[in-house]
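[1] no sequence on this one, just coordinates:
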């Protein structure tokens, strides 16, 4: 391993795992043993494994073989904006689904996502977004009659 | 059971082509799309399958089921998104083959391994049915606990470059799989206050998040899925590549045969399923290979093993259902409901009272596989073209469409948000080499693992040493320890 290799990102999953195990233990405190036996066994094994990993990284950092930098999660920097943008568009899509209905919400979210990804041709943005929204409408609304929220377009086409 | 009887069964099933072909086509669509499981599709189609005669209903269901197992490998190879848990192991070498510009060969290999593996194991099942049905009887809750831990350990050892990271991922998944109410008191555990989690973590949302969303967030770092050096080769892909895939199939025929039998035997164990079978076959294939170091870099054997095993499972899963009345998986359970609705009683009597149906199911499966090779093989060339789409377009489509598909399983908007949460966890895991496959398999096995563990503990009145009380279980523990120790010993001896 290169001296000073960023190892902080390697701690993310063990820390998440230990945090979740702690919450799991707390949530089963008052339950009967049958309801908590499995969680205790699996959770304890998980905490032990995560602790070994944390100690392993701590030893490397102490020896100067690594640092606690979290570069692996954010690199390469030039696509970080796109990545965060995609997550935010998805959050907005799910939030607006109830109001706009599947077809319109998907069309708008797809258009926004394509723009964030760097597509500048209006024809491409509208064409791809439209095609995806129409396909989703046909499959989920017209054919499968799923319980997706209905908005303006679904009501017009009903 | 005479040869004449079997020949008549084949003739009858070929006559049902008009039910089998639509079943195959629907199964392929359902298999390619993550979020659409065969069991959900069969449940949606229950009004149809309950209305038509039982022979036709079963031919349709079996065709859909087999085609689904076959098609799950397509997105696993092309975009590293397994269509189902059983295709998760296919990503290990299938996706690297795509990156090298060999997507078409990988898809052809996946199809041929699936069809040949499925066909051979189905014919073997037909011949060995009375004996195979006994295997499940030897596995009680203690052995099942060890089988599942063994499966998870294998995945951690095989899939992850770092075994400790693989184990952390696997156990993290196993604990996530326990979210929800327990089986005995219905007491909620770690649900974060969400009623939607009382039934447990929805598998489709976990699958979509961990594979599709996280992979799309990673893939935007490159212009295309195919690496620069493989791009030209992928653009030049022609029918010759399909023939090359077929040539590789002929060359590796023995590999297909024995890995499909691994799938068959694991399929017979109730609950074990395609996910474990594919990984065990992949591990065995690597263990017996002359060049194990090449696994994971995109080699044909790495696609053949999981795909042949994954389809070997299809006939195996139906064995305990037909012979014992214990469904080997969820799809088998749906099929059992249809059979029971038509007044069929599962168990050994089915073979004497209704042999046309009992053996006909497996004959229908064999016929479906024969039809499949002609239906799907010509499509490989066109399917492989998807990798030439730039990630600028591909990533938004994958993220938004698969998040929409997360809704399909339970029809909760909550599941779409959950898929995004799993996507972020999967992204962190991807970037730090904590294997998402181990995590997903842990989530899949979680509820079943708890069921068997609690059953074993209740029998022993809480004594945990019950897990070491059976000979077969102890042998499996030995294999588990060996699978963890062998890589360490191998490294030690190669250094010295």
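    Nice, thanks for sending it over. The model shown is predicted, which means the values in this text are computed figures rather than measured ones.
[2] centre of the chain to stretch A:47-67, how far?
    Taking Cα atoms, centre = their mean, to the nearest Å, one finds the center of stretch A:47-67 at 26 Å from the center of the full chain.
[3] same check, this time on stretch A:42-53
    Put simply, stretch A:42-53 sits 24 Å off its chain's centre (Cα atoms, centre = their mean).
[4] list the buried residues in that stretch.
    By 16 or more other Cβ atoms under 10 Å in any protein chain shown, the buried positions in stretch A:42-53 come out as A:42-43, A:45-47, A:49-50, A:53. In this view, the C-beta of every residue, glycine as well, is placed from N, C-alpha and C.
[5] break chain A into its domains for me.
    Domain segmentation of chain A under automatic domain parsing yields A:5-74, A:77-157.
[6] wait, what's in contact with residue 157?
    Using chain A here. Counting by Cβ atoms under 8 Å, 6 or more residues apart in numbering or on different chains, residue A:157 makes contact with A:137, A:141.
[7] correction: the question concerned chain B.
    If a contact means Cβ under 8 Å, 6+ apart, then residue B:157 has B:163, B:166, B:283, B:483-484, B:487 as its contacts.
[8] widest-spaced pair of the buried residues of stretch A:42-53?
    Taking every pair in these and measuring Cβ to Cβ, the maximum separation is 16.6 Å, between A:42 and A:53.
[9] ranges for the strands of the chain?
    Since you didn't name a chain, this refers to chain A. For chain A, applying DSSP state E gives strands covering A:5-6, A:66-67.
[10] ah, no, chain B please
    B:180-181, B:188-189.
[11] okay, now residue B:274: neighbour count?
    28 (other Cβ atoms under 10 Å in any protein chain shown).
[12] could you double-check that it sits in contact with residue B:83?
    No - using Cβ atoms under 8 Å as the test, residue B:274 is too far from residue B:83 to be in contact (11.2 Å).
[13] what is in contact with those two at once?
    Counting by Cβ under 8 Å, 6+ apart, nothing touches both residue B:274 and residue B:83.
[14] just the pLDDT for the residue of chain A most remote from its centre.
    Residue farthest from the centre of chain A, counting by Cα atoms, centre = their mean, is residue A:63 at 34.1 Å. We have a pLDDT of 89 for residue A:63.
[15] hmm, back to that, right, and the strands of chain A - which one's nearest residue B:75?
    Nearest of the strands of chain A to residue B:75, taken as Cβ to Cβ: strand A:5-6 at 32.4 Å.
[16] tell me how many other residues crowd residue B:4.
    Residue B:4 has 8 neighbours, counted by other Cβ under 10 Å.
[17] again, but for residue B:487
    When counting by other Cβ under 10 Å, one arrives at 12 neighbours for residue B:487.
[18] how much space separates residue B:223 from chain A?
    According to Cβ to the nearest Cβ, to the nearest Å, residue B:223 and chain A sit 11 Å apart.
[19] excluding sequence neighbours, find me the nearest residue to that residue.
    Excluding the flanking residues, the one nearest residue B:223 by Cβ to Cβ, 6 or more residues apart in numbering or on different chains is residue B:390, at 5.9 Å.
[20] ramachandran angles for that neighbour?
    The phi/psi pair for residue B:390 (degrees, to the nearest 10) reads phi -70, psi 150.
[21] excluding covalently adjacent residues, which one is nearest to residue B:267?
    Using Cβ to Cβ, 6+ apart and skipping residues adjacent in sequence, the residue nearest residue B:267 is residue B:316, 2.2 Å away.
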